[in-house]
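>>> Have a look at this prediction, sequence included:
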2 protein chains.
Amino acid sequence: MDEKKQWDGLEALAAIVGSQHVLTGEQAQASLTDWRDRYSGAARAVVRPGSTQEVAALVRWCSTHGVPIVAQGGNTGLCGGATPDASGTAIVLSLARMNAVRGIDLDNDTMVVEAGCILQQVQQAAHDAGRLFPLSLAAEGSCTIGGNLATNAGGTQVLRYGNARELTLGLEVVTAQGEVWHGLRGLRKDNTGYSLRDLFIGSEGSLGIITAATLKLFPQPVARCTALLGLKSIDDAVAVLTLARRGLAAALTGFELIAGNCLEGVVACYPEQRIPFEGESAALPWYALLELSDSESEAHARERFEAVLGEGLEAGLVVDAVIAESMAQSHALWHLRESIPLAERAFGKGIKHDVSIPVSRMAEFVHVTNKALQAHFPGITHVIFGHLGDGNLHYNVATGDRWTVEQLLESQDAIYALVHDSVHRFGGSISAEHGVGQLKRDLLPRYKDGVELDLMRRIKQALDPQGIMNPGKVI
Amino acid sequence: MDEKKQWDGLEALAAIVGSQHVLTGEQAQASLTDWRDRYSGAARAVVRPGSTQEVAALVRWCSTHGVPIVAQGGNTGLCGGATPDASGTAIVLSLARMNAVRGIDLDNDTMVVEAGCILQQVQQAAHDAGRLFPLSLAAEGSCTIGGNLATNAGGTQVLRYGNARELTLGLEVVTAQGEVWHGLRGLRKDNTGYSLRDLFIGSEGSLGIITAATLKLFPQPVARCTALLGLKSIDDAVAVLTLARRGLAAALTGFELIAGNCLEGVVACYPEQRIPFEGESAALPWYALLELSDSESEAHARERFEAVLGEGLEAGLVVDAVIAESMAQSHALWHLRESIPLAERAFGKGIKHDVSIPVSRMAEFVHVTNKALQAHFPGITHVIFGHLGDGNLHYNVATGDRWTVEQLLESQDAIYALVHDSVHRFGGSISAEHGVGQLKRDLLPRYKDGVELDLMRRIKQALDPQGIMNPGKVI
């Protein structure tokens, strides 16, 4: 479009949201690049509506004028789903100003929040009301619930509470036609037609824009208990998971797998942290971080945990175990786990694979894939950790001491292909919890059933025939 | 179509599945009427494919020849969703022969079953493998898992484990074009595109035919504890629910609400059953049946239960309580609950409303709706029970002693309208767990957001442009 037309557009957008909420030039820059600085794009403007009605009016205007829309929350995505393309024809529609908690219904155990609420703010509002909202992930201090829903976010408590999709009862959505679907139902059962809720969740802004959601709340646990287990193999980790699920049932709220070299890297990078084991136990190939949430008491939590760990030790599945004695120790154990993605100084530049595998095939997957990687890319460093309870591994590789960044970048596509091909052979998914965005869109035809892709295209075409909702993402 | 053409069709169908699996005339009758004898239709034939490939071939043939398809499982639906219309142009595609358990993966806690598996057979296969498949409902001895998925069935353990949708990880589906979507993933996390799984679940055969599913398994509880509580009001029932959720967390697997007259009707109808209270406690307006599933021991289960009940008694919320002392007593309590829908002799002919309401508004809804019903239909009998924990009431009315069947049938539509209008005003759903079928299809435009219906129509048109999948149902 020529300058004149663009100018017209800015005026029209300003008429909807107010000119102070139409950002261009320098002001818009932060929204045009993702937080990791991997994706950059251009846009006519960053527009910040303050209400659902404004979102709808913006979409109607864009629909009339054929202007693409990239919805954006906290801009913390890992797949470039919220970054516009380079054409500069789109607007970025930021939900940041729509950050009200609209209400909490204690007897119904639900809360209604707007898409721009920061996840931590949602957790806190639930906490203040004496409830738990269990979605929890590394970016919770800056990601928004709208982004969490757009990508069906996972995190550390999926094992017990499910993904973002399973935590959501209702949605308010602005369609690609600029109409508002008022679907903020607080119902645990509603079988009156197709589950549009589940369709919009995880669609990464490519079918419509989620403006608010009704979320499930849970009772707060009375006590939490955290333990780090030293293990000889992933097979043993899977056996301990089965044992813990049987012994702790729904009280098992976390089961994270961590490769030994990840812990070593963290303490090398952050000397104030330490591996809470001595001697051989501090140099095992695998560790598991378990969390139990108890509805009775600290003492009961510990007793149950000890029973399961005792069983694991007796069966020779657990080499060594430490149970946190205090909140501080529990935080220290989680801090070890959460520091892995940050310990780039120890591991060097890396490539992330956010994959899932049936738990029963996890050990074999890691064994086979590690071996293939070393055969093709000798000396590359493995950085493997993840949510074993959900079958979700962050199967990353990094330069370590033996590779240069240039070598890594040169081999990047080949490494992706090797790992993803292996994931596919093991019946897994090449995106477990981060979504597709622009990073993995072109990989889908290789790994997804052609019939499934065709169904997705039919749905995209049906709901967004103009193709203005986040074009170039997902499909 | 003329006779000649029909004959051609039967031959073509027989060429796909074998002539012994193409039923017509008398043989087809049982599939043309629902089990409650409320809906009757006609069909060219009832066809019983034995494999996914045969289902696909049938759909392709039907697509080419414009023949509608009504998929059918156990024919136990309550909304006529599996009964063909009167035109006689459709075929009924029975999944009954596809009843294999394809596999169980213990470490992954999943099982793959074909659509025609009877629900009880699925539960048993899980049990035999040392696991729990928690979907449980009255028709479990004859309904199929395919039907459960098509209607997103609920039942008595939704509070803890969710509906059929939440128990499913993957699907195999034959599309309206007769292609097979191989989506039998056993993954707890998979964010590679639109959630087709959740779209097909609950679509009642109107978008495609589910031929198999990957289901979630859970650890078997070590102990179960059942109690019947006597209550003064629904408000108190809601307060006890909140208290029980806090005290028992995920161990609370059932919370059924039962009106006092329902229990009276059951024991009047089945004198071998009894209300386990004496005196005033046997004549309270409301009762609640609670179930706790414990992963530790009988003693622990009972201790936890008693703590919660003690709290309820002390707060004056619970008037009286009986905890089952044995499996037999527990079964007797559940038997009371399960006998309500069968005690027609006590209540007279009835009209069912399968509705959901936010739990927080349940008491007011019942109060207001009861009053309005009595004002408009004086003397009609209320038969109210349901899954309070899920906000799901079977808010039924019956002739009792004071109405005739003729009066009831004459007022049927007006009663539906009064109850459903009230449900709508309270933010509820007119179909909580039974689906839409043909019973409620024409009610949707009155109660559903127009934008939502439009989105549903777009999806139907996109996936089944010929309109051959279960026409006249859902939408």
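Received, thanks.

>>> and the stretch 1-150 of chain A, which residues reach chain B?
Listed as neighbours of chain B in the stretch 1-150 of chain A under the rule CB under 8 Å from any CB of the partner chain: A:105, A:106, A:107, A:108, A:109, A:110. C-beta here means a position set from N, CA and C on the backbone, and glycine is covered the same way.

>>> Buried ones only from the residues you listed, please, as a PyMOL command.
Listed next is the PyMOL selection for buried residues among these, using 16 or more other CB atoms under 10 Å in any protein chain shown:
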select buried, chain A and resi 105+107+108+109+110
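
>>> before we move on, could you check phi and psi at residue A:356?
Residue A:356 adopts backbone torsions of phi -130, psi 150, taken as degrees, to the nearest 10.

>>> residues contacting it?
A:390, A:391, A:392, A:393, A:428, A:429, A:432, A:433, B:187, B:188, B:189, B:190 (CB atoms under 8 Å, 6 or more residues apart in numbering or on different chains).

>>> mind checking how far it is from residue A:9?
According to CB to CB, to the nearest Å, residue A:356 and residue A:9 sit 42 Å apart.

>>> Is it correct that residue A:96 falls within a strand?
No - Residue A:96 is assigned coil when assessed by DSSP: H, G, I helix; E, B strand; the rest coil, not a strand.

>>> Residue A:455 contacts residue B:195, doesn't it?
No - in terms of CB atoms under 8 Å, residue A:455 does not count as a neighbour of residue B:195; the distance is 11.0 Å.

>>> Looking at the two, which one has more neighbours?
Legend: neighbour count by other CB atoms under 10 Å in any protein chain shown for residue A:455 and residue B:195, higher for residue A:455 (26 against 21).

>>> What separation do you get for that one and residue B:439?
Separation of residue A:455 from residue B:439 (CB to CB) stands at 28 Å.

>>> now do residue A:64
Distance of residue A:64 to residue B:439, computed by CB to CB: 41 Å.

>>> Neighbour count for these two, which is higher?
residue B:439 (22 against 11).

>>> For the more buried one, list the residues it contacts.
Contacts of residue B:439 were listed using CB under 8 Å, 6+ apart, and they are B:78, B:79, B:80.

>>> Kindly state the pLDDT recorded for the residue nearest to the first one when sequence neighbours are not counted?
Right, residue B:78. By the measure of CB to CB, 6 or more residues apart in numbering or on different chains, the closest residue to residue B:78 outside its immediate chain neighbours is residue B:434, 4.5 Å from it. Residue B:434 is assigned 93 on the pLDDT scale.

>>> Residue B:434: neighbour count?
Neighbourhood size, residue B:434 [other CB under 10 Å]: 23.

>>> what comes into contact with stretch A:413-422?
Contacts for stretch A:413-422 (CB under 8 Å, 6+ apart): A:351, A:353, A:355, A:365, A:368-369, A:372-373, A:376-377, A:380, A:395, A:397, A:408, A:430, A:443, A:446-447.

>>> now stretch A:265-278
By CB under 8 Å, 6+ apart, the surrounding residues in contact with stretch A:265-278 are A:228, A:230, A:263-264, A:282, A:284, A:320, A:322, A:329, A:332-333, A:335-336, A:339-340, A:342-343, A:345-347, A:383.

>>> centre of the chain versus that stretch, how much separation?
Mean-position distance between stretch A:265-278 and its chain equals 26 Å (CA atoms, centre = their mean, to the nearest Å).

>>> Okay, buried residues for that stretch please.
For stretch A:265-278, the neighbour count (16+ other CB under 10 Å) marks A:265, A:266, A:267, A:269, A:270, A:273, A:275, A:276, A:277 as buried.

>>> May I ask which two of these are separated the most?
The most widely separated members of the buried residues of stretch A:265-278, counting by CB to CB, are A:269 and A:277 (18.3 Å).

>>> What residues does the stretch 201-350 of chain A have near chain B?
By CB under 8 Å from any CB, the residues of the stretch 201-350 of chain A that approach chain B are A:201-203, A:207, A:218-219, A:221, A:238, A:241-242, A:245-251, A:293, A:295-296, A:304.

>>> ok, 7 Å please
Proximity of the stretch 201-350 of chain A to chain B (CB under 7 Å from any CB of the partner chain) is limited to residues A:202, A:203, A:219, A:238, A:242, A:245, A:246, A:247, A:248, A:249, A:250, A:295.

>>> could you dump those residues to TSV with secondary structure and neighbour count?
As requested, those are exported to TSV (DSSP: H, G, I helix; E, B strand; the rest coil; neighbours: other CB atoms under 10 Å in any protein chain shown):
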residue	secondary structure	neighbour count
A:202	coil	26
A:203	coil	31
A:219	strand	21
A:238	helix	23
A:242	helix	17
A:245	helix	21
A:246	helix	18
A:247	helix	22
A:248	helix	26
A:249	helix	22
A:250	helix	21
A:295	coil	22
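
>>> Pull the most distant pair out of those.
Pairwise over those, using CB to CB, the maximum falls at A:203 and A:247, 38.1 Å.

>>> Good, we can wrap up now.
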